[in-house]
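Peer 1: Coordinates for the following, if possible.
(chains A and B)
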Amino acid sequence: MKILVCISHVPDTTSKINFTEGDTKFDTNGVQFVINPNDEFGLTRAMWFKEKQGANVTVVNVGGAETEPTLRKALAIGADAAIRVNTPAVDGFSVAKQLANVVKDGAYDLVIAGRESIDYNGGMVPGVLAGLLQANFVTNCISLEIDGVSVKATREIDGGKESVTTTLPLVIGGQKGLVEESDLRIPNMRGIMMARKKPLTVVEPIDTDVETTSVSFEKPAPKGAVTLVSSDNLDELVSLLHNEAKVI
Amino acid sequence: MSVLVYTESEQGAFKKTALEVASYAKAIANELGTTVTALAINANDTNALGAYGTDKVLNVKNTQLDAFNANAYAEVIKQAAESEGAKVIVVSSSADSKYLAPLLAVGLNAGYVSNVVEVPSNTNPFIVKRSAFTNKAFERTQINTEVKIVGVSNNSFGLVESAGSASAEDFTPSIPDLGITVESVDKATDKVTIADAEIVVSAGRGLKGPENWGMIEELADVLGAATACSKPVSDLGWRPHSEHVGQTGKPVASNLYIAIGISGAIQHLAGINASKVKVVINTDTEAPFFKAADYGVVGDAFQVVPELIEKLKAFKAQQ
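Peer 2: As a prediction, this is how the structure comes out:
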């Protein structure tokens, strides 16, 4: 089984979010970039398929050369090879189009992407990719078992979960649950050394439309100070929620 | 040319988000000077939509669509959009709608923008405001394609009633190969989900163990609220993943969010930032949550929560 794991290069979850150039660009100054957490759960599940079922795992990113350390980290975790499509990630559609081209070239059976990136939260890439490839698609995926071409997967739904069966070729939108937080791997020295020798292929992008354009950013208005209510006077809390906040 | 809105139902009844997206679709239709057509799949009674600005309902009844299937539902919405000549399609931010929307975008060659929080500031070019960076920022995004799909963030627009009634007609789409078979659904049908909830009661490690969640569920029952939890609680297996809210969990955009025994890690606060009113109950006055909350109670959850339940019961009895 050939697996392609799509890796998004995103600011660490603790990053301060600021913008530059007249609030049109994300300010990367002082920001630590990591593998998108939703992608990392998928990558870790792919490692399981590699170790237990002999799968071959390639990671891919659409982005400039500055994203290569993130791909190297994925190699250090255990992926066999990496591909970088040499173009900035502009919108979900164009990224999915580039990825679809990589999938067709490499004849992958299973593609795992995060259900969304934690920066732009577009949530488009796995679905658009599945649509372009005419492949089966399960998103918000919290468990995945594969036997031959038969697939059993579980999807998180609002208020519960849904178990489904389908077949390869398949695109997955992954998230926590695909593996547990405690299953995530920190690259060890041997992994890091080996990653330096693994292939990281840079491919040039294909022409694609850009369907959506980011115009500008703004931050939410700062909020006022908290109103403290004594724990001996919860009637006041009920009254504030009813009369002032009008939420009960 | 009408605006098409997909109004989701469950067990034949519209979800609250269906009425919200219908209200939103009406607001866009007003700006564009056109009408609203709603697509309802296996809904029992579509009359409710008229009161939220829908002019016409396309009614699909098909047992093949009893279980949700993203591919099939996307195809049905595509056929409805083509039949209506719709250039703007509005969907919600439910798990199902977020599943089908990218597939629909491919089918219609449409640009799709998710997590939209306002009616477009401009319709030519078409620019919408959406939340990004897990509610730490807003982004204005322009959709460049002729056909546009807007995914409305839950609880961002609210319900807007307008006088009127909707005509209804049957719509019989062709159904594609499903590709995916639903084997089982595991869902508490008597509980409010986080996505639909106006009030969310959430608890963290301060509760000390899963056996102490009884009072959280009771508080949620009194308020008609959904229950949620912090990331450590879901990592420890005290509560299911589906309740984990935060940056790698679910976003919450409720009217009221009550956090009990949650210190307020930056990732958690980001996930709940879109909630309108936040209440924190915590013993630690230094907990970061107090800086993010509107109302705070410094106290032990094991004393405060049972007492708050009693106060709320008394309050509800008077209403």
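Peer 1: ok, B:Val3 - contacts?
Peer 2: Contacts for B:Val3 (CB atoms under 8 Å, 6 or more residues apart in numbering or on different chains) come out as B:25, B:28-29, B:32, B:34-37, B:86, B:88-90. Bear in mind the C-beta positions are built from the backbone N, C-alpha and C, glycine included.
Peer 1: who does it bridge with?
Peer 2: B:Val3 has the following beta-bridge partners by DSSP bridges: B:Val36.
Peer 1: What sits closest to B:Ala253 if chain neighbours are left out?
Peer 2: B:Ala274 (3.9 Å; CB to CB, 6 or more residues apart in numbering or on different chains).
Peer 1: For that neighbour, give me its contacts.
Peer 2: Here B:Ala274 is in contact with B:117, B:131, B:135, B:153, B:155-156, B:251-253 (criterion: CB under 8 Å, 6+ apart).
Peer 1: Run through the strands of the stretch 201-319 of chain B in chain order.
Peer 2: Under the criterion DSSP state E, counting those that start in this stretch, strands of the stretch 201-319 of chain B are mapped to B:226-229, B:256-260, B:277-282, B:295-298.
Peer 1: Give me the mean pLDDT for the longest one.
Peer 2: What strand B:277-282 shows for mean pLDDT is 97.
Peer 1: could you give the angle of it to strand B:256-260?
Peer 2: 10 degrees (axes from the mean of the first three to the mean of the last three CA atoms, to 10 degrees).
Peer 1: Within its sheet, name the partner strands of strand B:277-282 and how each one runs.
Peer 2: strand B:256-260 (parallel), strand B:295-298 (parallel).
Peer 1: Of all the ones you listed, which one comes closest to B:Thr189?
Peer 2: When those are compared by CB to CB, strand B:256-260 sits nearest B:Thr189, at 23.4 Å.
Peer 1: Can you name the residues in contact with the closest one?
Peer 2: Residues contacting strand B:256-260 (CB under 8 Å, 6+ apart): A:241, A:245, A:247-248, B:198-204, B:206-207, B:216, B:219, B:223, B:225, B:272, B:275-282, B:289, B:293, B:301, B:305.
Peer 1: Repeat that for stretch B:118-135.
Peer 2: Counting by CB under 8 Å, 6+ apart, A:17, A:118-121, A:215, A:217, A:220, B:24, B:27-28, B:31-32, B:113-117, B:137-144, B:148, B:150, B:153, B:156-157, B:246-247, B:251, B:267, B:270-274 sit against stretch B:118-135.
Peer 1: Among these, name the ones in helices.
Peer 2: Those of the contacts of stretch B:118-135 mapping onto helices are B:24, B:27-28, B:31-32, B:267, B:270-272, per DSSP state H.
Peer 1: restrict those to those near chain A?
Peer 2: Of the residues in the ones in helices among the contacts of stretch B:118-135, proximity to chain A by CB under 8 Å from any CB of the partner chain holds for B:267, B:270.
Peer 1: Does B:Val279 touch A:Val238 like I think?
Peer 2: No: if you go by CB atoms under 8 Å, B:Val279 and A:Val238 don't touch, sitting 10.8 Å apart.
Peer 1: And the buried ones among the contacts of stretch B:118-135, selectable in PyMOL?
Peer 2: Listed next is the PyMOL selection for buried residues among the contacts of stretch B:118-135, using 16 or more other CB atoms under 10 Å in any protein chain shown:
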select buried, (chain A and resi 17+118+119+120+121+215+217) or (chain B and resi 24+27+28+32+113+114+115+116+117+137+138+139+140+141+142+143+144+148+150+153+156+157+246+247+251+267+270+271+272+273+274)
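Peer 1: sorry, back to before: same list (the strands of the stretch 201-319 of chain B) but as a markdown table, adding mean neighbour count.
Peer 2: A markdown table is the format used below for those (neighbours: other CB atoms under 10 Å in any protein chain shown):
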| stretch | mean neighbour count |
| --- | --- |
| strand B:226-229 | 27 |
| strand B:256-260 | 27 |
| strand B:277-282 | 25 |
| strand B:295-298 | 23 |
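Peer 1: Including distance to B:Ile175, could those go into CSV?
Peer 2: Shown next, in CSV, are those (distance: least, CB to CB, whole Å):
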stretch, distance to B:Ile175
strand B:226-229, 33
strand B:256-260, 40
strand B:277-282, 44
strand B:295-298, 50
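Peer 1: tell me, how many neighbours does A:Ile35 end up with?
Peer 2: Number of residues near A:Ile35 (other CB atoms under 10 Å in any protein chain shown) recorded here: 24.
Peer 1: How about the backbone phi and psi for it?
Peer 2: Dihedral pair for A:Ile35: phi -70, psi 130, per degrees, to the nearest 10.
Peer 1: close enough to count as contact, it and A:Cys6?
Peer 2: No: here A:Ile35 lies out of contact with A:Cys6, judged by CB under 8 Å, at a distance of 10.7 Å.
Peer 1: So which elements touch the top helix by length along chain A?
Peer 2: As assigned by DSSP H, the longest helix anywhere in chain A is helix A:37-53. With contacts taken as 3 or more CB pairs under 8 Å, 6 or more residues apart in numbering or on different chains; DSSP states H and E, helix A:37-53 sits against strand A:2-6, strand A:56-62, helix A:68-77, strand A:110-114, strand A:136-147, strand A:170-174.
Peer 1: Let me know the next secondary structure element after the fifth one.
Peer 2: Past strand A:136-147, heading to the C-terminal end, the next element that is a helix or strand (DSSP states H and E) is strand A:150-157.
Peer 1: Which strands border the helix or strand that comes right after that following strand, and is each parallel or antiparallel?
Peer 2: Later in the chain than strand A:150-157, the nearest helix or strand by DSSP H and E is strand A:160-167. Taking DSSP bridges as the criterion, strand A:160-167 sits next to strand A:150-157 (antiparallel), strand B:181-187 (antiparallel) in its sheet.
Peer 1: What residues sit buried inside the shortest one?
Peer 2: By neighbour count, and taking 16+ other CB under 10 Å as the criterion, strand B:181-187 has no buried residues at all.
Peer 1: quick one: it to chain centroid distance?
Peer 2: Distance of strand B:181-187 from the chain centroid (CA atoms, centre = their mean, to the nearest Å) equals 21 Å.
Peer 1: who touches that strand?
Peer 2: With contacts defined as CB under 8 Å, 6+ apart, strand B:181-187 is touched by A:152, A:157, A:159-166, B:67-69.
Peer 1: Are any of those residues buried, and if so which?
Peer 2: A:157, A:159-162, A:164, A:166, B:68-69.
Peer 1: With pLDDT added, can I get those in TSV?
Peer 2: Listed next are the buried ones among the contacts of strand B:181-187 as TSV, based on pLDDT from 0 to 100:
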residue	pLDDT
A:Ile157	94
A:Gly159	87
A:Gly160	90
A:Lys161	94
A:Glu162	97
A:Val164	98
A:Thr166	98
B:Phe68	97
B:Asn69	97
